[in-house]
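Participant: fold the following and give me the result.
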Amino acid sequence: MIRLLLHYSFVLPTLAFLAHQVAFFYFNISIPFLDNYLDPFCFSAIMLHCYKLQHHWVGLHRAVSKEEVFAFVFVLSLFSELLFPFLSAKFTADVFDVLGITLGGVWFYFTSAKNDDKVKGT
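Facilitator: This is a model prediction of the structure:
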């Protein structure tokens, strides 16, 4: 399981997310494009790894399928871009957030899901 968490496909989005949060909240560094679209990308990539890790915990040592990634991205997009803005004015719906979430899913699929045989038995 540790190998899953140390794989670059998890480490890079996690470090990018943490670095952005530290830069924004502690050093007041604002890069508007990153402020708006880095978090959705990182969130979907990180959460798909959590989903994959959960599979390993319950003994499913297999790749996350393309259909599962699509369904995950679809549900995450529905919640974050339709449901949350409906429930609170603090959230705004943005089609480019859906693009960021989708790109995070694509990142996960092409960098992690295909590499399951390398981490089998972890």
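
Participant: just the helices in this structure please.
Facilitator: Along the chain, counting by DSSP state H, helices occupy 2-6, 8-25, 32-57, 66-78, 84-87, 95-111.

Participant: in TSV, list these along with mean neighbour count and mean pLDDT.
Facilitator: Glycine gets a C-beta too; all of them are placed from N, C-alpha and C. Formatted as TSV, those follow (neighbours: other CB atoms under 10 Å; pLDDT from 0 to 100):
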stretch	mean neighbour count	mean pLDDT
helix 2-6	13	81
helix 8-25	15	95
helix 32-57	18	92
helix 66-78	16	95
helix 84-87	12	91
helix 95-111	19	95
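
Participant: tell me the spacing between G105 and F86.
Facilitator: Look at G105 and F86: by CB to CB, to the nearest Å, they are 23 Å apart.

Participant: now K52
Facilitator: 30 Å.

Participant: same check on L78?
Facilitator: 11 Å.

Participant: just F41 next, same as before
Facilitator: For F41, the distance to F86 - CB to CB - is 23 Å.

Participant: same question for W107.
Facilitator: Going from W107 to F86 by CB to CB gives 28 Å.

Participant: ok, now which ones touch the spatially closest residue to P40 that is not a sequence neighbour?
Facilitator: Leaving aside its sequence neighbours, P40 sits nearest to G100 (CB to CB, 6 or more residues apart in numbering; 3.5 Å). Contacts were defined as CB atoms under 8 Å, 6 or more residues apart in numbering; by that measure G100 touches Y37, L38, D39, P40, F41, S44.

Participant: from what I can see the third one touches F17, true?
Facilitator: This means D39. Yes. Using CB atoms under 8 Å, D39 is in contact with F17, at 6.7 Å.

Participant: now the contacts of G100 as CSV including distance to I31?
Facilitator: Shown next, in CSV, are these (distance: CB to CB, whole Å):
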residue, distance to I31
Y37, 10
L38, 9
D39, 12
P40, 15
F41, 14
S44, 20
